[in-house]
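> When you get a sec, could you give me coordinates for this:
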Amino acid sequence: MKLKPYTIAVAVASAALISSGWSAAAASSASSIPKANPFADEPSGPPVRGGTFTLATAENIPTLDPAFAGYDVGSWSMTISIFSALVDYGTGLTLKGDLAKSWSLSPNQKTYTFHLRSGVEFSDGTPMTASDFTFSIDRVVNPKTASPGAYLFSNIVGAAQYAAGKSTTIAGIETPDATTIIVNLVRPQPYFPNILAMPYARVMSPAQVAKWGSSISQHPLGTGPFELQSWAPGGDMVLVRNPHYFLPGRPYLNKVIVEQDVPDETQVLEYQRGELSTVDIPPSGFAQLALNSTYNKTMDVNYDATTYYLGMKDNIKPFNNLKVRQALNYAVDKTRLIQLLNGRGTVANGLVPPTLPGFNPDAKGYAYDPAEAEKLLAEAGYPHGFSTTIWTENDDQSVEIAQSIAADLAAVGVNAKIDALNASTFVDGEGKQGQAPMFISYWLQDFPDAYDFFSNLLLKQNWGGSNPFYYYNPTIQAAIENLEFSDTNRTQEIEALDAQVTAQAPFVYLYHSITEYVHQPNVFFYIHPVHLWRFADYWIK
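Sure thing, here's the model as predicted:
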């Protein structure tokens, strides 16, 4: 999942450190992550129904189409609020039935059988059936849709044939009746249910898709806890309670308002005026909120399952040269970046973040060594460096990070121009050939396994999508593909693969982030380990 630096991020091992004397810099060691306790400062008592939850982002939310909602926090979180899945997470990482009231796995671990709840309706009152799930997965896998999530379902029997146009349906998905779904896999895949909890597997209305076609993003119709009331580009996106939601008494909130295109400083001021329910503390608001006893009593701190990087198009000059990529890694002072973040990060010495199994705290990575960078550039045939462009999003934090990186590169002869772009332009162009020769971005887990990082960012079949680097190494490709189904020595395999990838330097490793946010004292709010904004769980006292 690709997110924005200014939006609220997520932690598998999240920490609620509610102390006005807490220092993010003191917590920057990845070897001592506090235990999760994200609800320590929430309002007491049972949930209360009613009220409006309001937050703001510095971006415009790109899409509400589940087939395209896996690359940014806004699209992901809003989509899972409108559309339901067969299975979903509780407040943590345990999966439970959502549209499915129960499910089972065959002894050979290749066949899942789901039994749906009865009486589930879309928010317009029309009934949902098992065939709607089949339609939704078919739509994502269909190459005409061009969904970046299509590859996630490639292990379903018949998915490859369907994607190639050799069949009219995915043979491995069976619906013997309106409330039963059977999914047959080619090989056992332990995390397959986690894939079904992602936006890509959310159930859509075939009739609604047929009616609106390519405009379905502006007219979403789902079975989730909320429905879209209005969406003004550059203004507010408003969700209201779905009157046909299948869980009695849920959601608690009447309404959710997401203000779009709001600068960081404005978000801080709105929060201080009581206009926002929560705010992710930007660097510019650190003193106003994190160090202010008026607000930091409700401050939570999360160690994010993210890896930030400076990407590059590895299939074009000069980035197709290993020594150039390694040189750029040595050229960037990552410790300085963490200082710019007020200590809210740990240096990335590998791809796997410290919250996931397979993270190696002893990995060496690339130290800050400008002399070594210059040496490698000369050996690569660029003794005087080269010129390039770094794409970044136009929020304050991203631009500041880009400026620091550009200064480091200039010190070793690389002239990097900065293009600060709005979110939609950045997302649209980041993975396109001929655009974004270098770019600052990051990956956050779709599900809690390091395979999610390796497969999305490094497999050739994801070129131009989740692999915007156009990176390919046949040895690494094979190792990643073997990791997908491995269930023995998995942690050791991840560590070894991470070291192998680091040596190839497909991008410049930057940092793993730490996020701080505050919320109003009467608001029950937390960051979900996968879904981030989980509006269905929030309430206001």
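> When you work out contacts or count neighbours from here on, use the C-alpha atoms and nothing else.
Noted.
> Domains in this protein, by residue range?
Following automatic domain parsing, the chain resolves into domains at 87-215, 306-514.
> deepest of those, which one?
Ranked by mean neighbour count under mean count of other C-alpha atoms under 10 Å, these are led by domain 306-514, which reaches a mean of 20.
> Next, the distance between the ends of that one.
Across domain 306-514, the straight-line distance between its terminal residues is 9 Å, by C-alpha to C-alpha, to the nearest Å.
> Now do it: distance to the chain's middle.
16 Å (C-alpha atoms, centre = their mean, to the nearest Å).
> what does stretch 74-84 give?
Using C-alpha atoms, centre = their mean, we find the averaged C-alpha position of stretch 74-84 to lie 12 Å away from the chain's own average C-alpha position.
> Then stretch 156-170?
Centre-to-centre, stretch 156-170 and its host chain are 28 Å apart (C-alpha atoms, centre = their mean).
> just so I have it, where are all the strands in the stretch 251-400 of the chain?
255-259, 278-280, 299-303, 306-312, 345-347, 387-393 (DSSP state E, counting those that start in this stretch).
> Give me the average confidence score over the first one.
The average pLDDT within strand 255-259 is 98.
> mind listing what that strand pairs with, with the direction of each?
For strand 255-259, sheet partners with direction are given as strand 52-56 (parallel), strand 236-241 (antiparallel), following DSSP bridges.
> now do the last one
For strand 387-393, the paired strands and their directions (DSSP bridges) read strand 415-421 (parallel), strand 438-444 (parallel).
> any chance of those in CSV, with distance to Pro243 too?
Written out in CSV, the entries for the strands paired with strand 387-393 read as follows (distance: least, C-alpha to C-alpha, whole Å):
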stretch, distance to Pro243
strand 415-421, 39
strand 438-444, 33
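> Just the helices from this protein, written as ranges.
Under the criterion DSSP state H, the chain carries helices at the ranges 73-82, 130-141, 159-163, 192-196, 206-212, 264-272, 322-331, 334-340, 370-379, 396-410, 423-429, 451-458, 474-484, 490-504.
> Outside of stretch 161-173 itself, which residues are in contact with it?
Applying C-alpha atoms under 8 Å, 6 or more residues apart in numbering, the set of residues contacting stretch 161-173 from outside is 134, 138, 141-143, 156-159, 181-185.
> for the protein, longest strand please?
The strand spanning the most residues in the chain, taking DSSP state E as the definition, is strand 511-519.
> Would you list the strands that that one pairs with, along with their directions?
Determined by DSSP bridges, the sheet partners of strand 511-519 are strand 278-280 (antiparallel), strand 299-303 (antiparallel), strand 345-347 (antiparallel).
> Mind telling me which of these the model trusts least?
For the strands paired with strand 511-519, the stretch scoring lowest in mean pLDDT is strand 299-303; its value is a mean of 82.
> just to revisit the earlier point, can I get the strands paired with strand 255-259 in TSV with mean neighbour count and distance to Gly119?
Formatted as TSV, the entries for the strands paired with strand 255-259 read as follows, by neighbours: other C-alpha atoms under 10 Å; distance: least, C-alpha to C-alpha, whole Å:
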stretch	mean neighbour count	distance to Gly119
strand 52-56	22	28
strand 236-241	21	18
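> Which one of the ones you listed lies nearest to Phe426?
With C-alpha to C-alpha as the criterion, Phe426 lies closest to strand 52-56 of these, at 19.4 Å.
> Could you check the angle the closest one makes with helix 264-272?
What separates the directions of strand 52-56 and helix 264-272 is an angle of 160 degrees, with axes from the mean of the first three to the mean of the last three C-alpha atoms, to 10 degrees.
> And the contacts of strand 52-56?
Here strand 52-56 has contacts from 253-262, 267, 275-279, 539-540, using C-alpha under 8 Å, 6+ apart.
> How far away from the center of its chain is that strand?
Centre to centre, stretch against its chain (C-alpha atoms, centre = their mean), the figure for strand 52-56 is 20 Å.
> how about the CA coordinates for it, as PDB?
Listed in PDB are the C-alpha atoms of strand 52-56, where the atom choice follows Å, rounded to 0.1, in the frame of the first residue of the first chain:
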ATOM      1  CA  THR A  52     -19.900  13.500  13.300                       C
ATOM      2  CA  PHE A  53     -16.200  12.500  13.000                       C
ATOM      3  CA  THR A  54     -14.100  15.000  11.100                       C
ATOM      4  CA  LEU A  55     -10.500  14.800   9.900                       C
ATOM      5  CA  ALA A  56      -8.500  16.400   7.200                       C
END
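> Could you pull up the mean pLDDT of it?
97.
> and if you look at stretch 194-204?
In this model, stretch 194-204 has a mean pLDDT of 96.
> In terms of pLDDT, where does the residue lying closest to Val332 once chain neighbours are set aside sit?
With C-alpha to C-alpha, 6 or more residues apart in numbering as the criterion, Val332 has its nearest non-adjacent residue at 5.5 Å, and that residue is Asp408. Confidence at Asp408, expressed as pLDDT, is 98.
> so who does Asp408 touch?
In this structure, Asp408 makes contact with Ala331, Val332, Asp333, judged by C-alpha under 8 Å, 6+ apart.
> Report whether the expected contact of the first one with Tyr368 is present.
Yes. Taking C-alpha atoms under 8 Å as the definition, Ala331 is a contact partner of Tyr368 at 6.1 Å.
> what ranges of the chain fall below the confidence cut-off?
Within the chain, the stretches falling below the threshold (pLDDT under 70) are 1-42.
> mind listing what Gly311 touches?
When the contact criterion is C-alpha under 8 Å, 6+ apart, the partners of Gly311 are Met438, Phe439, Ile440, Ser441, Pro468, Phe469, Pro506, Phe507, Val508.
> Verify the stated contact: Val412 with Asp369.
No. Using C-alpha under 8 Å, Val412 is not in contact with Asp369; the gap is 10.1 Å.
> will you turn the strands of the stretch 251-400 of the chain into a markdown table that also has distance to Val203?
Conversion of the strands of the stretch 251-400 of the chain to a markdown table gives the following (distance: least, C-alpha to C-alpha, whole Å):
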| stretch | distance to Val203 |
| --- | --- |
| strand 255-259 | 21 |
| strand 278-280 | 29 |
| strand 299-303 | 31 |
| strand 306-312 | 27 |
| strand 345-347 | 36 |
| strand 387-393 | 31 |
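> returning to that earlier point: ok, the contacts of Asp408 vs Asp300, which is closest?
When the contacts of Asp408 are compared for distance to Asp300 (C-alpha to C-alpha), Asp333 wins out at 27.8 Å.
> Wait, Ala327 touches Ala371, no?
No. Counting by C-alpha under 8 Å, Ala327 stays clear of Ala371, with 9.3 Å between them.
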